[in-house]
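J.: model this:
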Amino acid sequence: MTPYEPQTEQVSPWQLFVLLFFTISPTTVLALPALTGQYAGHDAWLSVALGTLAGVAVVQLHLALAQRFPGRGWTDIHRLVLGRWLGAVVNLLTWGWVLLTAAVIAREFGEFVVATVLPLTPLVVIQGTALALAMWAARDGLEVLARVAELLLPVIAASFVFLLVLLLPNIDGRAILPLLESGWGNLLRGAVPPLAWLGETVLSLVVLPSLAHWDGARRAGSAAVLVVGTLLTLLTLGTILVLGDTAALFTFPLFAATRTVSIADFIERLEPVLTAVWVGGLVIKMGVWVFAASVTGAGAFGVDDYRPLVTPMTALVLALSIWLFPSSVEMTDFLARTWPFLALLFQVVVPSAVLLLALLRGLPARGGGWPAPEPAGSRAPGASPPGPAGPGGARPGGR
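T.: Predicted structure coming up:
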């Protein structure tokens, strides 16, 4: 059962790239240098580079799974390959992880705004305001999220490049020497957080049922990971070159590096400008994750349409984001020690097992299983699809 109508919401491969860019980058650039630096020290940028290479393989895993079941959503695939009962359990766990991650993202947003521009404002007000915007975008669907993200992409990308250029006068090349001082073990351990963040491309399994065509989709997925990974590597390197070994001591080291910018006593105090830009990207990211939580929740609980769930899911995300962590210290510790391994379970282990089982069982069988999806745009918006779609015979109703 697909809890939304992929044929009436179409995204292009370019929009897939944009959505994946925003699914990963906004929170990652802020916290990752500190999380990776806890293990790799001043070699953290090398860990990010290694994580990027592995991330390309992970996104191809997600795309291969989706392409094997065209037009089918994340929860649909689990139910078809794993069966009714095991598929239901995996779908419930997947929804729980997506909901948890959305709550962590909302808390990261709140902590960032409190630490940078609104220190006296309650977290619930900051996060509630941003989640209200995310809820509105998620309710209107993928096309709205994709179009808003397209508008923001040039601004976000330009801000990253602009920041790198402004950091150049403050860099100290000795800060990254000697190379590989942390050893290969710590370098590989430090690559786990960036791989987990780049593995957020698993949300492509929510987006791909709405893909207008597959031409260029695999390139778009790889390009998103490579572009974000390259930006992360350069920004982590720039942060270390400016802050040295103290980079890992900051909750948001990139923001701390931004505070050092002062050119001719004229170009300085850029934090509010960059904060405003990043906040826009963070709202888009929260919108994508609220959408994913609503769609996976609808699939897990057998709801035909995800839209009625958007508001309660947003409320759950807000409540969890406040309740989970007493302070930013606990949040940072969770992100460094627990979340990456939990994330890789749903990003790598489960998709790999599902794809392998599908190959062994020969799914989807020719002439069996579910009926082939109609070509995108072949049905009027809101029209009911013919015939049952799954083992339970349930199909989504009108929007």
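J.: can you count the residues close to residue 260?
T.: By the criterion of other C-beta atoms under 10 Å, residue 260 has 13 neighbours. Backbone N, C-alpha and C define where each C-beta goes, glycine included.
J.: now do residue 81
T.: By other C-beta under 10 Å, 25 other residues sit near residue 81.
J.: In this structure residue 253 contacts residue 29, no?
T.: No: if you go by C-beta atoms under 8 Å, residue 253 and residue 29 don't touch, sitting 10.1 Å apart.
J.: which helices and strands sit right next to the helix or strand harbouring residue 136?
T.: Per DSSP states H and E, residue 136 falls inside helix 123-140. Applying 3 or more C-beta pairs under 8 Å, 6 or more residues apart in numbering; DSSP states H and E, we find helix 123-140 packed against helix 84-116, helix 142-167, helix 271-301, helix 307-323.
J.: Buried deepest among the ones you listed, which one?
T.: With neighbours defined as mean count of other C-beta atoms under 10 Å, these peak in mean count at helix 271-301, which reaches a mean of 23.
J.: For residue 23, find the nearest of the helices and strands packed on helix 123-140.
T.: The closest of the helices and strands packed on helix 123-140 to residue 23 is helix 271-301. By C-beta to C-beta, the value is 5.2 Å.
J.: What mean pLDDT does that closest one get?
T.: What helix 271-301 shows for mean pLDDT is 92.
J.: how close does residue 217 get to residue 108?
T.: 29 Å (C-beta to C-beta, to the nearest Å).
J.: any low-confidence regions in this structure?
T.: 1-8, 365-399 (pLDDT under 70).
J.: Go again with 80.
T.: When residues are selected by pLDDT under 80, those of the chain lie in 1-9, 262-274, 365-399.
J.: what's next to stretch 241-251, contact-wise?
T.: The set of residues external to stretch 241-251 that reach it, using C-beta atoms under 8 Å, 6 or more residues apart in numbering, is 31, 33-34, 37-38, 41-42, 44, 111, 115, 167, 170-173, 175-176, 239-240, 253, 256-257, 260, 328, 332.
J.: so of the residues you listed, which ones are in helices?
T.: Using DSSP state H, the members of the contacts of stretch 241-251 that fall in helices are 31, 33-34, 37-38, 44, 111, 115, 167, 239-240, 253, 256-257, 328, 332.
J.: Could I have the buried ones of those as PyMOL selection syntax?
T.: Typed into PyMOL, the next command selects the buried ones out of the ones in helices among the contacts of stretch 241-251 (criterion: 16 or more other C-beta atoms under 10 Å):
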select buried, resi 31+33+34+37+38+44+111+115+167+239+240+253+256+257+328+332
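J.: Now for the ones in helices among the contacts of stretch 241-251: which two are most distant?
T.: Longest span within these, C-beta to C-beta: 167 and 328, 24.3 Å.
J.: Pretty sure residue 26 sits against residue 277.
T.: No: counting by C-beta under 8 Å, residue 26 does not reach residue 277; the two are 9.7 Å apart.
J.: what is in contact with these two at once?
T.: residue 156.
J.: For the helix holding residue 136, buried residues please.
T.: Neighbour-count burial for helix 123-140, counted by 16+ other C-beta under 10 Å, picks out 123, 126, 127, 128, 130, 131, 134, 135, 137, 138, 139, 140.
J.: Would you mind getting the angle between that helix and helix 271-301?
T.: For helix 123-140 against helix 271-301, the angle by axes from the mean of the first three to the mean of the last three C-alpha atoms, to 10 degrees is 60 degrees.
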